[in-house]
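Undergrad: Structure of the sequence below:
(chains A and B)
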Amino acid sequence: MIQVENLRKAFGEVRAVDGVSFTARDGEITGLLGPNGAGKTTTLRMLYTLMRPDDGRVLVDGLDASVDPLAVRKRLGVLPDARGLYKNLTARENIDYFARLQAIAPEEATRRREVLVDVLEMRDFADRRAQGFSQGQRVKTAIARALIHDPRNVLLDEPTNGLDVMATRRMRQFMRDLRGEGRCVLFSSHIMQEVAQLCDRIVVIAKGRVVADESPEALREQTGEPNLEEAFVKIIGSGEGLAA
Amino acid sequence: MNSSMVIFLKEVRENLRDRRTVINALLFGPLIGPLIFVMILNVVISRQLSQAEGPIGLPVIGASHAPNLIAALRQMGLDPQPPVADPIAAVRNHDVAAVLRIPAGFGKSWGEGDPAQVEIYYDSSRRDTQGTVTRLRDMVTRYSRLTGAMRLVARGLSSALVSPVIVDERDQSTPQSRAGALFAILPYFFVLTVFIGGMYLAIDLTAGERERQSLEPLFINPVAPWRILLGKIGAICVFSVASLLICVAAFTIAGRFIPTEKLGMDLGLGPIFAVKVLVLMLPLVLLIAVLETLVAAFSKSYREAQTYLGLLMLVPVLPTILLSVMPLKTVEWMYAVPILSQQVGITELLLGGSVTASQFGLCLICGFAVAAILLVITARVYGSERLAISV
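TA: Numbers count the residues shown, from 1 in each chain, chains lettered A, B, ... in the order given. As a prediction, this is how the structure comes out:
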């Protein structure tokens, strides 16, 4: 479970995140929706302790991220916005590197890796060097290495960005599977359909603030708009930066 | 396994697969120095030798005005060449080293007992012809003295009359020390190879990783930033040490192709020299690896890091230039200054001198101390939240 309380982060004059609070529960998919530049990535970066918040706090399974960032990182599996691979290593070697950094026992790491290679359908390119991977292959490898330590909480920053239709469908199914395993799944997106289809809970962020934190049904009811797209536009104030 | 070790092993393995890094770190970096060095030395030494010993061939204008003089100069090693039309132009255009001109009035002055004049055209700003000009001048002077002495004797006077004071020169230079300036450049090659050997890795492991967006995922792992830094510095050091080893080995082999025996000197380029050089260079390996990483961490992109490091590469030349332009007496404190200590220490070893244990100690302690300070600063930069974030 991830609890976020009143997070703030400013870069000079710009208040990128300005008092964001929400909770992402186990066994649920929580969507962080907002237009480009709303503060989604900055919020996630504070969650996975890469950035220190100016104010507020983050609790992961009850652990305070500012007190013990390394313990929090162990409980998180993160697909960040930056998903660069090591081009001179094969997909399997890329995954193994992160397994060693997570200090997983070698046999366990191998077992987990092969499970992920199967689930993510990586068999045909797992032993190829990452140089020349397609966008989809890159994302799969990045997800596999992020989940190698079997984390209870999964953070995905725009996971379907740059994927084709089939890959996007598989990615969505994969996220449902993660939820089925009882994990806490938190992902960010600027694509409304995706969020509407997948999420148990939607946190809408605009200009660094949470403007709604509801289930999709509640969101429709609250705004009085039967159409989710209209509902979002109404909440955010404009449709700018969102994709259907 | 320790996480620094995990990072270290992965970086070494990955970069051994990168052809550009391997070629630069293990081929160009270490071998270019010895190659240039052997070529320059061969040219310089053989030219100096030919100027010092062989007959010097110079154009002589008006040789017919002073046949006796020419015959005497011939005996002293001058090989008169056909005259040139314009001696000034010939010297200015570097066609000849110097021109000897004997004016038409030479015979008349000689006959009347007046000082007879000869002219030497040369360019004192050309260092390469200095030896030749000096030899020519000495020949003429010697001939003049000899004739003067004979004239005095013919008049029943002692030739000592015109030389109340004579100088007896006692030159204390050795072939080694005379060649010193030539070899002052050698320590720079060692520093340079360490610099180049680690440079591509240093850029790639920080600025490169950030540019390829793999630094952020790396930093999300439960590993403290300073451990990541240590692993990366270790990998850089391995490459620069490998580069240094190849370079030192190449110099040891190249030493056989330098005609030092013609200068009557013995370069200390043996295995003992190699080991001592490695020890002197050790602190510099760490220091340069850390410095390169620090610069790369501050740069926004791969290209920017390359530019900064290219400029930084010129810094180690300073002591080399300084010491070859104004050779200072080697004093103890020089061993406390990184880069300068390697410069003076290696030069000393090369020219057959010795470096004492305390000088070794000073070089190692101060070098590692500076490296440690830089390491702490770099660790801070690595801990800052901006480091990992691309864009």
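Undergrad: Going by C-alpha atoms from here, please, whenever you check contacts or count neighbours.
TA: Will do.
Undergrad: Which residue, other than its chain neighbours, is closest to A:V60?
TA: In this structure, A:V60 finds its nearest non-sequential neighbour in A:I2, 4.6 Å apart by C-alpha to C-alpha, 6 or more residues apart in numbering or on different chains.
Undergrad: Contact partners for the one you found?
TA: A:23-25, A:58-62, A:153, A:184 (C-alpha atoms under 8 Å, 6 or more residues apart in numbering or on different chains).
Undergrad: mind redoing it with 7 Å?
TA: Shown in contact with A:I2 (C-alpha atoms under 7 Å, 6 or more residues apart in numbering or on different chains): A:23-25, A:59-61.
Undergrad: Scan those residues and report the most crowded one.
TA: Using other C-alpha atoms under 10 Å in any protein chain shown as the neighbour test, the contacts of A:I2 are led by A:A24, with 24 neighbours.
Undergrad: Could I get the phi/psi values of it?
TA: phi -110, psi 120 (degrees, to the nearest 10).
Undergrad: where's it relative to chain B, distance?
TA: Distance, A:A24 to chain B, by C-alpha to the nearest C-alpha, to the nearest Å: 20 Å.
Undergrad: Which pLDDT value belongs to the closest residue to that residue other than its chain neighbours?
TA: Spatial nearest neighbour of A:A24, excluding adjacent residues (C-alpha to C-alpha, 6+ apart): A:I2 at 5.1 Å. pLDDT for A:I2: 95.
Undergrad: Pull up the gap between A:F11 and chain B, please.
TA: 11 Å.
Undergrad: Measure how buried that residue is and give me the count.
TA: Neighbours around A:F11, by other C-alpha under 10 Å: 9.
Undergrad: to the chain's geometric centre, what's the distance from stretch B:2-10?
TA: Offset of stretch B:2-10 from its chain centre (C-alpha atoms, centre = their mean, to the nearest Å): 38 Å.
Undergrad: Name the surrounding residues that touch that stretch.
TA: Contacts for stretch B:2-10 (C-alpha under 7 Å, 6+ apart): A:100-101, B:223, B:227-228, B:230-232, B:234-235.
Undergrad: Which one of those residues sits in the busiest neighbourhood?
TA: B:K232 (28 neighbours).
Undergrad: Which element, helix or strand, includes that one?
TA: helix B:225-254 (DSSP states H and E).
Undergrad: any idea how far A:E225 is from the residue in chain A positioned nearest to chain B?
TA: Residue nearest to chain B within chain A (C-alpha to the nearest C-alpha): A:G84, separated by 4.1 Å. Distance of A:G84 to A:E225, computed by C-alpha to C-alpha, to the nearest Å: 40 Å.
Undergrad: ok, now A:R201?
TA: With C-alpha to C-alpha as the criterion, A:R201 and A:E225 are 17 Å apart.
Undergrad: the more surrounded of these two?
TA: Between A:R201 and A:E225, counted using other C-alpha under 10 Å, the more crowded position is A:R201 (24 against 14).
Undergrad: That one and A:L33 touch, don't they?
TA: No: A:R201 is beyond contact range of A:L33, at 10.4 Å (criterion: C-alpha atoms under 7 Å).
Undergrad: Identify the residue nearest the residue nearest the centre of chain B in space, chain neighbours excluded?
TA: Nearest residue to the geometric centre of chain B (C-alpha atoms, centre = their mean): B:I185, 1.7 Å. Residue nearest to B:I185 in three dimensions, not counting chain neighbours: B:T320, with 6.2 Å by C-alpha to C-alpha, 6+ apart.
Undergrad: so how many other residues sit close to the one you found?
TA: 21.
Undergrad: element containing A:T23?
TA: Going by DSSP H and E, A:T23 is part of strand A:14-24.
Undergrad: contacting residues for B:A289?
TA: B:198, B:202, B:233, B:236-237.
Undergrad: Pull the residues that contact the strand holding A:T23.
TA: A:1-10, A:30, A:39, A:43, A:184, A:186, A:208-210.
Undergrad: What strands flank it, and is each parallel or antiparallel?
TA: strand A:2-11 (antiparallel) (DSSP bridges).
Undergrad: what distance separates the strand it pairs with from the middle of the whole chain?
TA: The answer for strand A:2-11 is 16 Å, by C-alpha atoms, centre = their mean.
Undergrad: Would you mind writing the CA trace of it as PDB?
TA: What follows is strand A:2-11, C-alpha atoms only, in PDB (Å, rounded to 0.1, in the frame of the first residue of the first chain):
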ATOM      1  CA  ILE A   2       1.200   3.500  -0.800                       C
ATOM      2  CA  GLN A   3       0.100   6.500   1.100                       C
ATOM      3  CA  VAL A   4       0.900  10.000  -0.100                       C
ATOM      4  CA  GLU A   5       0.300  12.900   2.300                       C
ATOM      5  CA  ASN A   6       0.400  16.500   1.200                       C
ATOM      6  CA  LEU A   7       3.500  16.200  -1.100                       C
ATOM      7  CA  ARG A   8       5.100  19.400  -2.300                       C
ATOM      8  CA  LYS A   9       8.000  20.000  -4.700                       C
ATOM      9  CA  ALA A  10       9.100  23.200  -6.300                       C
ATOM     10  CA  PHE A  11      11.800  23.800  -8.900                       C
END
